[in-house]
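**Q** When you get a sec, could you give me coordinates for this:
(chains A and B)
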Protein chains: 2
Amino acid sequence: MKVNLKLESGLRIVGTNASGKETYFDSLPEFGGAGSAPTPMEIMLEAMCACSFMDVVSILRKKRIEITKLEIHSEGERATTNPKVFETAHIIYELTSPNAELKDLERAVELSHATYCGASAMFRRAGCNVTWESVLKQ
Amino acid sequence: MKVNLKLESGLRIVGTNASGKETYFDSLPEFGGAGSAPTPMEIMLEAMCACSFMDVVSILRKKRIEITKLEIHSEGERATTNPKVFETAHIIYELTSPNAELKDLERAVELSHATYCGASAMFRRAGCNVTWESVLKQ
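**A** Numbers count the residues shown, from 1 in each chain, chains lettered A, B, ... in the order given. Got it, this is the predicted structure:
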């Protein structure tokens, strides 16, 4: 896969994928940015969560589980010295569904992290302690 | 740091950082998505590049090097079996500047990967072979 990035102004960067879809990155004012977009490391954490999110949606849909709402709340902690890698990432999967059982969500999440999610595998191989929990709302 | 993600429709997901800045993810039509936004793994590669990009901009500016234009072109290859982690990532840094020498860019890039860039460190610790080259245009 190919991606391109260019500097817009300050530390604001636009990334473009092969089909021209854009993603914006910026830094915080205390680091010389304008805070106009998420930081690269925020987006890296989001990308890992989104990768697993898509697995979970696909697995639930194959089991004909209706997804009224699905959200992820994640918190990551980075090293305090350079390079500031993620040391922990906790992911809460919150499903609202009229016909799901908690174990359906739990199994989908486990399967994503154990088998499918390349981004989760990379975080864990890099030494990040990735943990998760499942919450069902009906 | 905290991030939140929610499913919009299909496999389109919106991620939101703590200050409400949004990032969009989608999957390709062959995997059930609409291709309305980059994929999580495209954005993960972009986030790694953007992290290093910001280091390079900051280092060049500290050396009073004028940045007329700075772009990154990156190509990543993923494993062919699950989990489809990145196995290689090549990054081309292309600087247009009236007062830079090629070695200024090369040193900034080296310093980013060797010391500062948490995302590059995570890719490499996860087993990805990250390589780079510097191109100067004047």
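**Q** tell me the angle the helix ranked longest in chain A makes with helix B:40-62.
**A** Looking across chain A with DSSP state H, the single longest helix is helix A:40-62. Put simply, helix A:40-62 runs at 180 degrees to helix B:40-62, going by axes from the mean of the first three to the mean of the last three CA atoms, to 10 degrees.
**Q** ranges for the strands of chain A?
**A** A:2-9, A:12-17, A:22-25, A:69-78, A:86-96, A:129-137 (DSSP state E).
**Q** Packing partners of the last one?
**A** What it means is strand A:129-137. Packing partners of strand A:129-137 (3 or more CB pairs under 8 Å, 6 or more residues apart in numbering or on different chains; DSSP states H and E): strand A:86-96, helix A:102-111, helix A:118-125. C-beta coordinates here come from the backbone N, C-alpha and C atoms, glycine included.
**Q** Need the residues that contact it.
**A** Applying CB atoms under 8 Å, 6 or more residues apart in numbering or on different chains, the contact partners of strand A:129-137 are A:48, A:69, A:87-97, A:100-102, A:105-106, A:109, A:113, A:120, A:123-124.
**Q** In contact with A:Phe31, which residues?
**A** With the criterion set at CB under 8 Å, 6+ apart, A:Phe31 makes contact with A:Leu11, B:Met54.
**Q** Equivalent analysis for the one 4 residues further on, please.
**A** A:Gly35 makes contact with A:Asp26, A:Ser27, A:Leu28, A:Pro29, B:Ser19, B:Lys21, according to CB under 8 Å, 6+ apart.
**Q** just the buried members of these?
**A** A:Asp26, A:Ser27, B:Lys21 (16 or more other CB atoms under 10 Å in any protein chain shown).
**Q** With pLDDT as extra columns, can I get those residues in TSV?
**A** As requested, the buried ones among the contacts of A:Gly35 are arranged in TSV below (pLDDT from 0 to 100):
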residue	pLDDT
A:Asp26	98
A:Ser27	97
B:Lys21	98
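**Q** Count the neighbours of A:Asn99 for me.
**A** A:Asn99: 11 surrounding residues under other CB atoms under 10 Å in any protein chain shown.
**Q** got it, and A:Gly20?
**A** Neighbours of A:Gly20 (other CB under 10 Å): 8.
**Q** Not counting residues beside it along the chain, what's closest to A:Pro38?
**A** Nearest residue to A:Pro38, sequence neighbours excluded (CB to CB, 6 or more residues apart in numbering or on different chains): B:Asn17, at 4.1 Å.
**Q** what bridges to the one you found?
**A** As for beta bridges, B:Asn17 partners with B:Val3 under DSSP bridges.
**Q** again with A:Arg12
**A** Bridge pairing for A:Arg12 - DSSP bridges - gives A:Ser9.
**Q** OK, contacts around A:Gln138?
**A** Neighbouring residues of A:Gln138 by CB under 8 Å, 6+ apart: A:Thr96, A:Ser97, A:Pro98, A:Ala100.
**Q** could you measure the first one against chain B, distance?
**A** It stands for A:Thr96. Computed as CB to the nearest CB, to the nearest Å, the A:Thr96 to chain B distance reads 10 Å.
**Q** Please verify my assumption that that residue contacts A:Ile65.
**A** No - between A:Thr96 and A:Ile65 there is no contact under CB atoms under 8 Å: 11.2 Å.
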